[in-house]
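1. The amino acid sequence is not available; the structure is as follows:
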């Protein structure tokens, strides 16, 4: 059904015309010639062009393209990706995502991501950072469903406000939620809710401590668990950035989790990239191969 056909008045029709509801449905399969993008269906301004194979035909690199560059009031992105049995894929974005200042109508700006990784498959979900503008009303939800003997790597980096323009995230709302399940059993559930209350977690010592950038990185399941020397190396990479990044590493339910706060999205991504480069061989038994788009 045409979305605009449900408008009941010229005013509602005009409001609906200013919203983007975009869907993307991807499926990766493993065959005799390696990994292939077997399904690439999109609706609206959200798509991928073709997979790249910089590290061989058995692992596809895919770049998500979102021409509008961000979300305004009423926009919604729905992304579904499946790595079928034995398939291996790495997904990133061509640029930073943005959640712009909401209009007076305050309609939600949302992105919903559902990922499924079949037995023997791996999926790396490594987008560039998101920027939440002051006054935004955003919700970013992700659910990852793992199978036995499947692997996932993912991160989310969010810059709150526009510090370089002296525009902190002093107003607005943002919800971020990540759920990881294996065979229906929850392994990790993380949620961050900002705004909408009298307390300001941005400045609180039990909150973000005044850091405008927060990052969450998850990799696993690890069997066996990473060695103490490897974890020590990871912690050292965070410690050397003391003063610029405050972070820590935990290991629970076979998942390695990195939580970090910082002042610069580029610095946060550099840290997460470095950690991914040393952890990927341990998890996937192959060296790191950064997408070419990260160097442009």
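-> Yep, it's here. Keep in mind that what you see is a predicted model, and the values were worked out from it rather than measured.
2. got the end-to-end distance for stretch 119-139?
-> End-to-end distance for stretch 119-139: 30 Å, by C-alpha to C-alpha, to the nearest Å.
3. Buried ones in that stretch, by neighbour count?
-> The neighbour-count check on stretch 119-139 (16 or more other C-beta atoms under 10 Å) flags 120-139 as buried. C-beta coordinates here come from the backbone N, C-alpha and C atoms, glycine included.
4. Just the endpoints, please. Distance across stretch 52-60?
-> Its start and end residues considered, stretch 52-60 measures 6 Å (C-alpha to C-alpha).
5. tally of neighbours for residue 74?
-> Neighbourhood size, residue 74 [other C-beta atoms under 10 Å]: 20.
6. which non-adjacent residue is nearest it?
-> Excluding its sequence neighbours, the residue lying closest to residue 74 (C-beta to C-beta, 6 or more residues apart in numbering) is residue 19, at 3.5 Å.
7. try residue 260
-> That would be residue 247: by C-beta to C-beta, 6+ apart, it lies 3.3 Å from residue 260.
8. show me what contacts that neighbour?
-> Each residue near residue 247 by C-beta atoms under 8 Å, 6 or more residues apart in numbering is listed here: 215, 238, 241, 258, 259, 260, 261, 262, 271.
9. State whether residue 268 is indeed within a helix.
-> Yes. Per DSSP: H, G, I helix; E, B strand; the rest coil, residue 268 lies within a helix segment.
10. shift numbering so it begins at 603
-> Fine by me, first position is 603 from now on; the one you just mentioned is residue 870.
11. Is it in contact with residue 861, as I believe?
-> No. Counting by C-beta atoms under 8 Å, residue 870 does not reach residue 861; the two are 11.2 Å apart.
12. The two: which is more packed in?
-> Taking other C-beta under 10 Å, residue 870 and residue 861 do not tie; residue 870 has more neighbours (27 against 15).
13. ok now do the more buried one, which residues does it touch?
-> Taking C-beta under 8 Å, 6+ apart, we find residue 870 in contact with 731, 759, 815, 817, 847, 862, 864.
14. From residue 658, how far off is it?
-> Using C-beta to C-beta, to the nearest Å, one obtains 29 Å as the distance from residue 870 to residue 658.
15. pretty sure the residue nearest to residue 676 belongs to a helix, no?
-> No. Applying three-state DSSP, one finds residue 621 to be coil, outside a helix.
16. how near is it to residue 710?
-> Distance from residue 621 to residue 710, by C-beta to C-beta: 10 Å.
17. which neighbours do these two share?
-> 675, 676, 678.
18. For residue 826, state which of these is nearest.
-> Set against residue 826, the nearest of these by C-beta to C-beta is residue 678 (41.0 Å).
19. Thank you kindly, that will do.
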